[in-house]
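Asks: next one to model:
(one chain, ligands or ions: 1)
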Amino acid sequence: MQTAGKFIVIEGLEGAGKSSAVALVKQHIESAGHSLVTTREPGGTPMAEAIRACVKQQWQDETVTVEAELLLMYAARAQLMHNVIIPALKQGQWVLGDRHDMSSQAYQGGGRMIDSSMLDALRQITLKDFRPDFTLYLDVEPAEGLKRARGRGELDRIEVEHLDFFVRTRERYLSLAKADLKCVIINTMQSIELVQQDISAALTQYLEA
Ligand code: Z5A
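Replies: Next comes the predicted model:
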C-alpha cells in the first residue's frame, strides 16, 4: 500500500529499552519536520487497550490457550490498523509503533511455537501486503532483559514465562531481523548512551536516504 506517511517500528524483548528508544526516535522524526502519531501493541484504541489488559492479566482457574492469545493479538492489531495507523499514514502523518507484527512472529511463532502457516493466514487477513517502512530491533540477551524488566516491579502473565520461552522468542526475532532488509539490529547489551548513539546513527541514515 502506498501512503504519504511512513510507519517506523521498534521491536525487542522486555527490558530491551523500547520505551527510551521511542522517545529518542520521536525526537528525530519530529525534528525532521514530520507530524507523528505513536502507537503501542497490543493497544492504541479503546477496544485494543481492553484486549491488552485481557492478554496481560493472570486468569484464575482458566488456562489461556496459545490460540486465544494469538487471536487476541491480531484482533487488537486489526483495530489499531483500521482506526489509527492507516488513517494517519493516508493523511501524511508518520506513525511510530512500539511493537507490531514482528512481535507476533517472534512471541507466538518462536516463543509459543505456533505453526507459521497459522501466523501467515492471520497476517494476510489483518495486514495483507502492509509492512513497516523501517524497523529497529533492539536485541538483548533474555536473562538481562528480564532482569531489567523485573527491576521495574510486578510481572504480567507473559513476563512470568520461563527463560526458554524468551530464548526461543529472541532466536526468532534475530532470524526475522536479519532477513528483513528494512530492519536494523541494535545491540542493547551496552550502556544506554551507546545504544542511543547507535539508534541515532541508524535513524539518521534512514531519514537521509
Ligand atoms: N506481545 C506478544 O506476545 N505478541 C504480540 O504480537 C505483541 C505483544 C504485539 C506487551 O507488553 C507484551 O505483549 C509483551 C510482548 C507481548 N510481553 N512480554 N513479556 P508491554 O508492551 O507492556 O511490555 P514490553 O514491550 O515488554 O515493555 P517493557 O518491559 O517496558 O520493555 P522495554 O520498553 O523494552 O523496556 P524499558 O522500559 O525501555 O527498559 C526497562 C528498564 O531497563 C528500564 O529501567 C531502563 O532504564 C533499563 N534499560 C534499558 N536499556 C538499558 C541498557 N542498555 N542498560 C541498562 N539498563 C537499561
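Asks: and stretch 154-164, which residues are buried?
Replies: Ile158, Glu159, Glu161 (16 or more other C-beta atoms under 10 Å). C-beta coordinates here come from the backbone N, C-alpha and C atoms, glycine included.
Asks: check those one by one and keep those near the ligand.
Replies: Ile158, Glu159 (C-beta under 6 Å from any ligand atom).
Asks: and of the buried residues of stretch 154-164, the nearest to Ala149?
Replies: Nearest to Ala149 out of these is Glu159 (C-beta to C-beta; 6.1 Å).
Asks: gap between the closest one and Gln58?
Replies: 11 Å (C-beta to C-beta, to the nearest Å).
Asks: for the buried residues of stretch 154-164, give me CSV that also has pLDDT and secondary structure.
Replies: Below are the buried residues of stretch 154-164 laid out as CSV (pLDDT from 0 to 100; DSSP: H, G, I helix; E, B strand; the rest coil):
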residue, pLDDT, secondary structure
Ile158, 83, coil
Glu159, 83, coil
Glu161, 88, coil
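Asks: so can I have CSV of the buried residues of stretch 154-164 showing distance to Ala88?
Replies: Formatted as CSV, the buried residues of stretch 154-164 follow (distance: C-beta to C-beta, whole Å):
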residue, distance to Ala88
Ile158, 27
Glu159, 30
Glu161, 33
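Asks: show the contacting residues for Pro142.
Replies: Leu13, Leu163, Phe166, Val167, Thr169, Arg170 (C-beta atoms under 8 Å, 6 or more residues apart in numbering).
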